[in-house]
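In: take a look and give me a structure for this.
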Amino acid sequence: MVQVQYASLAAVRLAAFSMLLLPLATPPPIPAQVQSEEADAALTAEQWREDLDVLAAGMERTHRQLYHTVAREEFAEAIDDLKSRIPDLKRHEIIVEIARIVAMVGDGHTQLWLTPNTRNGFNQVPILLYWLTDGLYVLAVDERYAETAGGRVLKIGDVSTEEAMQRVRGIVHRDNEMGTISIGARYLAIPEVLHALRLTDFPARATYEVEKDGARIEVELEAIPDAWLPNLSGRPYLIASRSDSVTMAFAWDPAREAPLYISQPDNRFWYQWLEESMTLYVQLNAVLNKEHETMAAFFDRVFAEVDSTEVERLVLDLRFNGGGNNFNNDPVIQGVVKRDAINQFGKFYVIISRHTFSAASHLVTYLERNTNALFVGEPTGGSPNHFGDARPVDLPNSGLRIGASSIYWQNSLPVPFESRDWTPPQLAAEPNIDDWLAGRDPALEAILTYPYKTDLVDLVLRTLDEEGAEAAEVAFKEYAGDPRHAYLNVEQAMNTLGYELIGEGRLGEAVTVFRLNTEAYPGSANVWDSLGDGYRARGETELAVGSYRKALEIDPEFSASLANLEELLGQ
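Out: The predicted structure follows:
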């Protein structure tokens, strides 16, 4: 049988280079001939060491559970190691190494931002990079290099983009790997970061090799002072086209009419009725009130539209929502729950992405728990359960400000067993360069063309009832093999369905469901144990024993299979 896969190619590729190339605890030494061009702040080694002591004590005092990912001893060793290397490092290198220590904590709200700000004094080069399904792309660049806009970055300095992303991974604060591709791509335009990671020889310029229309072009960009500081948070495709220092060329012509999803980037919340598809499209870019309207009042208007209009579907777009105030989420959740006409499969869609974080990822979790939302796009940048509500830890000499998470939010069920790094989309619609160049919205297009009227488990059960086991098997494989279901995971739901069928005495159909689950999730001990239970219920002891033994090959300590074999074989 064909094995069903449940992870997108982009996610598999990212996971592969993330796991195979472990981040270096200490970067390789800087070549002796490299000279820094920065105006170094005159802090002594002792002042930096004092800051590191404040960092260690302040984070331990402030963070809700500082050592939830990193061991106390490893964290202390990293601080001691940096203390010993301070005399050999420039200011920007010390800051990047502090960010590495902060990132070791392992949550997205515990952070030292390396994007340019008045505290770190960093700059950036005039390029906007974004990780798409098939690589790192130039979405905008200094107009002098307009021919590279829309091109794929092959190298940064002499290093491949994959290796560059791996190096930057170690300094990115994140809940999951979506944070790596989101923040990491931004850091690859900061020359001080590139120099500290040995990706460039000087901390005031960067070189990129870009492939466009079959040609390879090398671009050397000089750092731009703080006159050019585009706001990239939440809306990665949009940057200022002009500033005092640089004019940008875009991969997509900003003079064209913008696609709906980036048409109002500075509007915290708004909606539009799409007459042709009878869709109410709502974009929520921050979980915050406006000056003259609260989120509660806005969603009163939204649901008044739902009540007064024949709505085919409601789309809530959270893809650029980086958070806000968790307590503003209630009107959204309650509004959907109260409306049976919209709170059903195929009627209510929520668009999510790598930028869906913090209070927005809380909203996703609440909607997952309480509604029949169908999630679309790419995995969230925030974990369903995560540390948050960062409080500042200020370093007295350098002036750096670190955020340390003060609360653990456990909102996802089943509690306390929820351990997913992200909320995956049920309907994958990941961004690619062709969509961007054409001005298409892959998420909204996926929603408007989605052909399925039920989820996989209901489809299997209905097909079993109406057409039998053979047809149900075909339906399962067609649905699960659809690329739109790249992140689909129905192991638990299918397992539950199998036991429900046993309870109804439909033993042959139960075995079919359990067997399909083993083909979809062959590395799960639990599904093999369940198949053994199906065979055992039918009195097929030899097949049951074989399934239990298969479960124990995967997990020799799997207690249910051990107990079943003892009952059947007395061993």
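
In: low-confidence ranges in the stretch 351-500 of the chain?
Out: Within the stretch 351-500 of the chain, the ranges that satisfy pLDDT under 70 run 415-417.

In: show me where it has its strands.
Out: Ranges of strands within the stretch 351-500 of the chain are 374-377, 386-394, 401-409, 427-428, based on DSSP state E, counting those that start in this stretch.

In: mind putting those strands in TSV, distance to D175 included?
Out: (Each C-beta comes from the backbone N, C-alpha and C, glycine too.) Shown next, in TSV, are those (distance: least, CB to CB, whole Å):
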stretch	distance to D175
strand 374-377	17
strand 386-394	5
strand 401-409	10
strand 427-428	20
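
In: in TSV, list those strands along with mean neighbour count.
Out: Shown next, in TSV, are these (neighbours: other CB atoms under 10 Å):
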stretch	mean neighbour count
strand 374-377	24
strand 386-394	19
strand 401-409	20
strand 427-428	24
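
In: among those, which is nearest Y499?
Out: strand 374-377 (25.2 Å; CB to CB).

In: list the helices and strands that closest one packs on?
Out: Where contact means 3 or more CB pairs under 8 Å, 6 or more residues apart in numbering; DSSP states H and E, strand 374-377 is packed against strand 348-352, strand 427-428, helix 442-448.

In: buried deepest among those, which one?
Out: Of the helices and strands packed on strand 374-377, the one with the most neighbours on average (mean count of other CB atoms under 10 Å) is strand 348-352, at a mean of 27.

In: relative to that one, what are the paired strands and their orientations?
Out: According to DSSP bridges, strand 348-352 forms sheet pairs with strand 313-317 (parallel), strand 374-377 (parallel).

In: out of those strands, which gets nearest to L568?
Out: Nearest to L568, of all the strands paired with strand 348-352, is strand 374-377, at 41.7 Å by CB to CB.

In: quick revisit: so which of the helices and strands packed on strand 374-377 gets nearest L128?
Out: Closest approach to L128 among the helices and strands packed on strand 374-377 (CB to CB): helix 442-448, 19.3 Å.

In: off-centre distance for that closest one?
Out: Between the centre of helix 442-448 and the centre of its chain there are 19 Å (CA atoms, centre = their mean, to the nearest Å).

In: hang on, the earlier thing: CSV for the helices and strands packed on strand 374-377, including distance to P191?
Out: Formatted as CSV, these follow (distance: least, CB to CB, whole Å):
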stretch, distance to P191
strand 348-352, 32
strand 427-428, 35
helix 442-448, 32
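
In: shaky segments in the stretch 1-150 of the chain?
Out: 1-41.

In: that one: strands as residue ranges?
Out: Under DSSP E, counting those that start in this stretch, the stretch 1-150 of the chain gives strands at 127-132, 135-142.

In: ok, and which of the ones you listed has the densest surroundings?
Out: Taking mean count of other CB under 10 Å, strand 135-142 is the most buried of the strands of the stretch 1-150 of the chain, at a mean of 24.

In: what helices or strands is it leaning on?
Out: Identification of packing neighbours for strand 135-142 by 3+ CB pairs under 8 Å, 6+ apart yields strand 127-132, strand 152-156, helix 161-169, strand 215-222, strand 248-250, helix 433-438.

In: ok, and what's touching the second one?
Out: Read that as strand 152-156. By CB atoms under 8 Å, 6 or more residues apart in numbering, the residues outside strand 152-156 that reach it are 129, 134-138, 160-161, 164, 188, 194, 199-200, 206-212, 216, 433.

In: how big is the angle separating that strand from strand 127-132?
Out: Calculated by axes from the mean of the first three to the mean of the last three CA atoms, to 10 degrees, strand 152-156 forms an angle of 110 degrees with strand 127-132.

In: strand 152-156 versus strand 135-142: what angle between them?
Out: Strand 152-156 and strand 135-142 are oriented at 90 degrees to each other (the same axes, to 10 degrees).

In: now do strand 152-156: distance to the chain's middle.
Out: 22 Å.

In: swap in the fifth one?
Out: The chain centroid and the centroid of strand 248-250 are separated by 27 Å, computed with CA atoms, centre = their mean.

In: which residue sits closest to A196, ignoring its sequence neighbours?
Out: V96 (3.8 Å; CB to CB, 6 or more residues apart in numbering).

In: over to S419?
Out: S419 sits nearest to N385 (CB to CB, 6+ apart), 7.9 Å away.

In: now do the same contact list for that neighbour.
Out: Contacts of N385 (CB under 8 Å, 6+ apart): T365, Y408, W409, Q410, N411, S412, E418, S419.

In: most neighbours of all those residues, which one?
Out: Of all these, T365 has the most neighbours under the rule other CB atoms under 10 Å, reaching 25 neighbours.

In: these two touch, right, that one and T423?
Out: Yes - using CB atoms under 8 Å, T365 is in contact with T423, at 6.8 Å.

In: how far away from the center of its chain is the longest helix seen in the chain?
Out: Using DSSP state H, we find that the single longest helix of the chain is helix 45-62. Remark: helix 45-62 is offset 31 Å from the chain centroid, using CA atoms, centre = their mean.

In: and V159, how close does it get to L136?
Out: 12 Å (CB to CB, to the nearest Å).

In: nope, L565 is what I meant
Out: Taking CB to CB, one finds L565 at 51 Å from L136.

In: for A525, what are its contacts?
Out: A551, L552, I554, D555, F558, S561.

In: mind redoing it with 6 Å?
Out: Neighbouring residues of A525 by CB atoms under 6 Å, 6 or more residues apart in numbering: A551, I554, D555, F558.

In: give me phi/psi at it?
Out: phi -60, psi -40 (degrees, to the nearest 10).

In: mind listing the residues bridging to I407?
Out: In beta-bridge terms (that is, DSSP bridges), I407 pairs with G388.

In: my read: it touches R391, true?
Out: No - between I407 and R391 there is no contact under CB atoms under 6 Å: 9.4 Å.

In: list residues touching both of T365 and T423?
Out: By CB under 6 Å, 6+ apart, the residues touching both T365 and T423 are P384.

In: between the contacts of A525, which is nearest A486?
Out: Of the contacts of A525, the one sitting nearest to A486 (CB to CB) turns out to be I554, at 24.0 Å.

In: contacting residues for the closest one?
Out: A525.

In: please report how far V350 lies from L197.
Out: For V350 relative to L197 (CB to CB), the value is 36 Å.

In: excluding covalently adjacent residues, which one is nearest to N176?
Out: Leaving out its chain neighbours, the residue that sits closest to N176 by CB to CB, 6+ apart is D421, at 3.7 Å.

In: likewise for W273?
Out: Using CB to CB, 6+ apart, the closest residue to W273 is L280 (5.9 Å).

In: hang on, the one you found packs against L314?
Out: Yes - using CB under 6 Å, L280 makes contact with L314 at a distance of 5.1 Å.

In: if you count what's nearby, which of the two comes out ahead?
Out: A side-by-side neighbour count of L280 and L314, using other CB under 10 Å, places L314 first with 25 against 21.

In: and that one, what does it touch?
Out: By CB under 6 Å, 6+ apart, the residues touching L314 are L280, I342, F348.

In: and the second one, what element?
Out: Read it as I342. Counting by DSSP states H and E, no helix or strand carries I342.

In: for it, what are its contacts?
Out: Taking CB under 6 Å, 6+ apart, one finds V306, L314, F348 in contact with I342.

In: V159 too?
Out: Residues counted as contacts of V159 (CB under 6 Å, 6+ apart) are L199.
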